[in-house]
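In: predicted coordinates and the sequence they were generated for:
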Amino acid sequence: MSVVMLLTAPTSPNAPAAAPPIAVPHPALRVARLTPEEHLAHLDGRGDAGFLQYPSWAVVKEGWRSEGLGWFDANGTVVGAALVLYRKAPKVPYWFAYLPEGPVIDWTDPNPRRWLDPLIEHMRARHVFTVRMGPPLAHRRWRAQTVKDAVRQGLKHLDRVTPDEIDPLGATVALRLGDLGWRTSGDGADAQPRYTFEVPFEGRSANEVRAGFNTEWKRAIAKAGKSGVDIALGDYEDLPAFFELLQATERRNGFRLGRELPYYQRQYRALNAESRGRMRLYLARSEGRLLAAHTLISAGSRVWYQTGASTDHGRGVRPSHALQWRLIQDVHERGIAVYDMRGVSPVIDPDDRLFGVLRWKLGTNGRVVENLGEWEFPVVPALHKAFRTYLSIR
């Protein structure tokens, strides 16, 4: 089996253990392992980290080894952290390292080498051939109206649409990473969505946020209320029913997420064991029948709508719109500034099968965000080149 097949090959249960904990010296910062407790304490203290960087995500990602890393200053204080997932390359003693939506460091530092050089040296000591990271930074933003106008003009991709905002930090970091030898993973190679959709509350009340919805959303929410759609929190025991809805949704829409019920059960247990209420399951029922279900994940000052599912029947009473309105109300009540609805496609062609998801989210009058995406560093250039070749032809 080739090394470049590592992402599709199962991890061997007999894979050698990781090297002993090490500390990599650096003129200003050093990298060393964190215990899960130290890692969690640092992220909770910041409040701005994504849920994919929390220790609990390592439990969810079955088949990967994991390690929590910290950046320490001269006083021994933890000033940055990362969850690193490792996947063994078949037949050779090297690993692929992945930092999903991380690391959680000071990206405003004009010298990112202070942070990334110690990370690379740590990866080298771990026999890693490629490091992939996802800096948690925005690059460009488009308001809902801008996207709608582009669709009416016949444009087919957001790359052809002038953004309403270019994030100066994201643009600067992209240039700095390129200067340091990091390269983007390329179109379609990112494991996490490069384009997401968010609803900024911007000091508005929940009802003012709703007033900004388009007519379709307003009518759908009103219809759900008149039809007696009831929204309630579910629990672990409701996950099988949620998964049945998800399978129905996949069949109806012609896509496959590739997850089975045990994945969602493991996720629910792990995230809520780390912090009660981190993952919530919302259920929409009408006349006692379950019609739709959505999951919401919270960490610090951030929240994410993760997965939605609905039945083939009962969609006329708009249970999914009712669920989203309830989620938005709950998020707003907690004082959160932005509601993250996660991934959308940058293709804005109404004939594209993925456009429906974007069209639905545009109804909230939020905005599309192009994130900085995932970047790779070739720790072992020959193996990295083989890996990239595989990704380009698979």
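Out: Perfect, thanks for sending it.
In: excluding its backbone neighbours, what's nearest Leu354?
Out: Ser345 (3.9 Å; C-beta to C-beta, 6 or more residues apart in numbering). No exception for glycine: its C-beta is placed from N, CA and C like everyone else's.
In: repeat for Arg315
Out: Arg315 sits nearest to Leu291 (C-beta to C-beta, 6+ apart), 7.5 Å away.
In: same question, Gly277
Out: Ser298 (6.6 Å).
In: and the one you found, how many neighbours?
Out: Neighbours of Ser298 under the rule other C-beta atoms under 10 Å: 19.
In: one more: the one 10 residues further on?
Out: Applying other C-beta under 10 Å, we find 22 residues neighbouring Gly308.
In: repeat that for Lys88.
Out: 23.
In: ok, back up a step: what distance do you get for the residue nearest to Leu354 to Glu370?
Out: 12 Å (C-beta to C-beta, to the nearest Å).
In: between the two, which contacts overlap?
Out: Tyr195 (C-beta atoms under 8 Å, 6 or more residues apart in numbering).
In: next SSE downstream of the helix-or-strand element of the chain with minimal mean pLDDT?
Out: Using mean pLDDT, DSSP states H and E, the weakest-scoring helix or strand in the chain turns out to be strand 23-24, at a mean of 46. Heading C-terminal from strand 23-24, the first helix or strand you meet, by DSSP states H and E, is strand 30-33.
In: kindly format the C-alpha coordinates of that following strand as PDB.
Out: Only the C-alpha atoms of strand 30-33 are listed here, as PDB (Å, rounded to 0.1, in the frame of the first residue of the first chain):
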ATOM      1  CA  ARG A  30       8.700  26.400  23.200                       C
ATOM      2  CA  VAL A  31       6.200  23.600  22.400                       C
ATOM      3  CA  ALA A  32       5.500  20.800  24.700                       C
ATOM      4  CA  ARG A  33       2.600  18.400  25.500                       C
END
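In: what are the pairing partners of that strand, and which direction each?
Out: strand 23-24 (antiparallel), strand 65-72 (antiparallel) (DSSP bridges).
In: looking at those, which is buried most?
Out: Among the strands paired with strand 30-33, ranked by average contacts under mean count of other C-beta atoms under 10 Å, first place goes to strand 65-72 (a mean of 20).
In: just the C-alphas of that strand, formatted as PDB.
Out: Extracted in PDB, the C-alpha atoms of strand 65-72 (Å, rounded to 0.1, in the frame of the first residue of the first chain):
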ATOM      1  CA  ARG A  65      -3.900   9.200  17.500                       C
ATOM      2  CA  SER A  66      -3.900  12.600  19.200                       C
ATOM      3  CA  GLU A  67      -1.900  15.000  21.200                       C
ATOM      4  CA  GLY A  68      -2.500  18.300  23.000                       C
ATOM      5  CA  LEU A  69       0.300  20.800  22.500                       C
ATOM      6  CA  GLY A  70       1.000  24.000  24.300                       C
ATOM      7  CA  TRP A  71       3.200  27.000  23.500                       C
ATOM      8  CA  PHE A  72       5.000  28.200  26.600                       C
END
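In: got a list of contacts for it?
Out: 11, 15, 18, 23, 29-36, 38-39, 42, 55, 58, 78-88, 95, 103, 105, 115, 118-119, 122, 126.
In: just the buried ones out of those residues, please.
Out: The neighbour-count test (16 or more other C-beta atoms under 10 Å) marks 11, 29-34, 36, 39, 42, 55, 58, 78, 80-88, 95, 103, 105, 115, 118-119, 122, 126 as buried among the contacts of strand 65-72.
In: now, those that are in strands?
Out: 30-33, 78, 80-88, 95 (DSSP state E).
In: show me which pair in those is furthest apart.
Out: Spatial extent of these (C-beta to C-beta) is set by the pair Val78 and Lys88 at 28.2 Å.
In: could I get the phi/psi values of the residue positioned nearest the centre of the chain?
Out: Residue closest to the mean C-alpha point of the chain, counted by C-alpha atoms, centre = their mean, is Gln192 at 5.3 Å. For Gln192, the backbone dihedrals (degrees, to the nearest 10) come out as phi -110, psi 150.
In: next one, pLDDT for it please.
Out: pLDDT for Gln192: 95.
In: for Asp312, same thing?
Out: pLDDT, Asp312: 88.
In: what is the burial count for it?
Out: Neighbours around Asp312, by other C-beta under 10 Å: 10.
In: from Val31, how far off is it?
Out: Taking C-beta to C-beta, one finds Asp312 at 50 Å from Val31.
In: now swap in Leu52 and tell me
Out: Counting by C-beta to C-beta, the gap from Leu52 to Val31 is 19 Å.
In: check Val229 too.
Out: 50 Å.
In: next up, the contacts around the residue nearest to Arg315.
Out: Taking C-beta under 8 Å, 6+ apart as the test, what Leu291 contacts is 229, 284-285, 310-311, 313-315, 317, 319.
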